[in-house]
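> Sequence below, structure please.
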Amino acid sequence: MKNLVVLVLVAAATAAQAQHQPYSGQQGREIKALSAEEIEQYRAGAGMGFAKAAELNHYPGPMHVLELADRLELSPEQRAATKSLTDAHKVEARAIGAKLVEAESRLEALFRSGKVEQAVLAKAVSEAAGLQGEYRLSHLETHRRMRALLTQEQVARYDQLRGYAKPAAGAHRH
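So this is what the prediction gives:
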């Protein structure tokens, strides 16, 4: 019983310490505000959940549409238009993502310098925030444009295939 009490106290103390050290281990990051994975994803133009408002409200993502092209029964014209949309979006998202990583790096350097003036800080934060907004807009706009290339039936099928909607009564899965 005594060992159990000691074990519970040690676990509680460890949990309390973790609450006071949420960023422990992140001080060695190149850019403290971004993990190495996040930096890589921004530079790659990855979605990172920025288009959830679209994706979960019947606005499909073009990369996933291409992955599901056969099951969505895309026409050759739809496939070509979707590929073109995907390629153009990737170029745009990668460019914005690279600029965002650079902006975060400048913000990091500002604090690393030890001399943070309010006006300079405000400008750096505004730039990074603006780029994050552009990045998200790029992803959301691409989903908006993708929906216009599909029929209502294809959008409904996409939602089913992605697990967002239940299959219609009597419908079968492929």
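> Just the buried residues of stretch 53-68, please?
Neighbour counts over stretch 53-68 (16 or more other C-beta atoms under 10 Å) mark Ala54, Glu55, His58, Tyr59, Pro60, Gly61, Pro62, Met63, His64, Val65, Leu66, Leu68 as buried. C-betas here are computed from N, CA, C, even on glycine.
> and what of stretch 99-117?
By 16+ other C-beta under 10 Å, the buried positions in stretch 99-117 come out as Lys99, Leu100, Val101, Ala103, Glu104, Ser105, Leu107, Glu108, Leu110.
> Might you quantify the distance of stretch 119-138 from its chain's geometric centre?
Mean C-alpha position of stretch 119-138 versus that of the full chain (C-alpha atoms, centre = their mean, to the nearest Å) differs by 16 Å.
> CA atoms only: put it into PDB for me.
The C-alpha coordinates for stretch 119-138 follow below in PDB (Å, rounded to 0.1, in the frame of the first residue of the first chain):
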ATOM      1  CA  ALA A 119       7.200  48.700 -34.100                       C
ATOM      2  CA  VAL A 120       9.600  46.100 -35.600                       C
ATOM      3  CA  LEU A 121       7.800  43.300 -33.700                       C
ATOM      4  CA  ALA A 122       4.400  44.500 -34.800                       C
ATOM      5  CA  LYS A 123       5.600  44.500 -38.500                       C
ATOM      6  CA  ALA A 124       7.200  41.100 -38.200                       C
ATOM      7  CA  VAL A 125       4.100  39.500 -36.600                       C
ATOM      8  CA  SER A 126       1.800  41.200 -39.100                       C
ATOM      9  CA  GLU A 127       3.900  39.800 -42.000                       C
ATOM     10  CA  ALA A 128       3.900  36.300 -40.600                       C
ATOM     11  CA  ALA A 129       0.200  36.400 -39.800                       C
ATOM     12  CA  GLY A 130      -0.600  37.700 -43.300                       C
ATOM     13  CA  LEU A 131       1.300  34.900 -45.000                       C
ATOM     14  CA  GLN A 132      -0.400  32.300 -42.800                       C
ATOM     15  CA  GLY A 133      -3.700  33.800 -44.000                       C
ATOM     16  CA  GLU A 134      -2.600  33.700 -47.600                       C
ATOM     17  CA  TYR A 135      -1.500  30.100 -47.200                       C
ATOM     18  CA  ARG A 136      -4.900  29.100 -45.800                       C
ATOM     19  CA  LEU A 137      -6.800  31.100 -48.400                       C
ATOM     20  CA  SER A 138      -4.800  29.300 -51.100                       C
END
